[in-house]
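Participant: below is the sequence, then the predicted model.
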Amino acid sequence: MNKEISSFLRSEGEKILVNEETQIKVEDENGCLKKFSVLKSPVKNEKGNNVSFNFFIQDVTEIKKLESLSFYDSLTGLYNRNFFEEEVKRVESGRFNPIGLIICDLDNLKSINDSFGHKEGDSLLIAFSKILKASFRKSDIISRIGGDEFAVLLFDATKASMKSKIRHLQEACRFNNISVSVGLSISDNIPVVFPSLFAKADEAMYEEKKSKRRQ
């Protein structure tokens, strides 16, 4: 692997910032992608002038794999509940304003699992996850927080923009024959009182679900 790293540093080393940890990806001799942490440190002469650089390199491939398992849902590729809860702590401890929350619950996952098997249920979860990714910004925190429950945390949100996103989400779901119940809430409080924010969105979602059952 030293040969591949050396080749990378010769071609890209000048682009790496000094004294800032940089993550790089390099293929080994078998074509496997490896991840490395690189710290570029200046070497000075007796006059204090930079004469060269040292590169401190650490293989972080396995660490990144563990991080991925810790924060991502293995089926859908969305953030998982662990990551969502970490983001909630960050929001509660900071000065974020306003914060929006959207809760989504698939209406018929259990019946699909019971009638057609978990493979079909998994396909439904994956399809819905793709719709979620397409419906929101990359900066929005899209998470699978339960078996059939999803949450989207939005920064700099407005109720109008959230309702617009939900309309597009529901249109895409109808086009793909997916039934989903959705609830939203928004907070202008600093700090954010997240249990209250979550309870309002969750209640709105269940009200929509109950209205469907009465139809």
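Facilitator: Done, it's in. Residues are numbered from 1 along each chain as shown.
Participant: what does stretch 186-195 rub up against?
Facilitator: Contacts with stretch 186-195, where a contact means CB atoms under 8 Å, 6 or more residues apart in numbering, come from 88, 91-101, 157-159, 162, 196-197. For the C-beta atoms, the positions are set from N, CA and C on the backbone; glycine is no exception.
Participant: typed the wrong thing, it's stretch 23-31
Facilitator: Residues contacting stretch 23-31 (CB under 8 Å, 6+ apart): 1, 3-5, 8, 12, 33-38, 60.
Participant: again, but for stretch 126-138
Facilitator: 75-78, 104, 106, 142, 144, 150, 152, 154, 165, 168-169, 172-173, 176, 178, 180.
Participant: now the buried members of these.
Facilitator: Among the contacts of stretch 126-138, those classed as buried by 16 or more other CB atoms under 10 Å are 76, 78, 104, 106, 142, 144, 150, 152, 154, 165, 169, 172-173, 178, 180.
Participant: can you list the domains in this structure?
Facilitator: Per automatic domain parsing, the structural domains of the chain span 2-66, 72-214.
Participant: reformat those domains as JSON lines; add mean pLDDT.
Facilitator: Listed next are those as JSON lines, based on pLDDT from 0 to 100:
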{"stretch": "domain 2-66", "mean pLDDT": "78"}
{"stretch": "domain 72-214", "mean pLDDT": "91"}
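Participant: so which bits of the helix or strand that contains Met205 are buried?
Facilitator: Here Met205 is covered by helix 194-214, with elements defined by DSSP states H and E. Buried residues in helix 194-214, counted by 16+ other CB under 10 Å: 194, 197-198, 200-202, 204-205, 209.
Participant: now swap in stretch 111-131 and tell me
Facilitator: 112-113, 121, 124-125, 128-129, 131.
Participant: try stretch 136-145
Facilitator: 136, 140-145.
Participant: what about the helices in this protein?
Facilitator: Using DSSP state H, the helices of the chain run over residues 2-12, 61-71, 81-93, 109-116, 118-135, 159-175, 194-214.
Participant: distance of Asn176 from Met162?
Facilitator: As defined by CB to CB, to the nearest Å, Asn176 lies at a distance of 21 Å from Met162.
Participant: can you tell me, leaving aside adjacent residues, what's nearest to Cys173?
Facilitator: Sequence neighbours aside, Val180 is the residue nearest to Cys173 in space, at 5.2 Å (criterion: CB to CB, 6 or more residues apart in numbering).
Participant: next, name the residue at the spatial heart of the chain.
Facilitator: The chain has Tyr79 as the residue nearest its centroid, 4.2 Å off, counting by CA atoms, centre = their mean.
Participant: what about the closest residue to that one other than its chain neighbours, distance to Lys133?
Facilitator: Excluding the flanking residues, the one nearest Tyr79 by CB to CB, 6+ apart is Ser143, at 4.1 Å. For Ser143, the distance to Lys133 (CB to CB) stands at 12 Å.
Participant: all set now, cheers.
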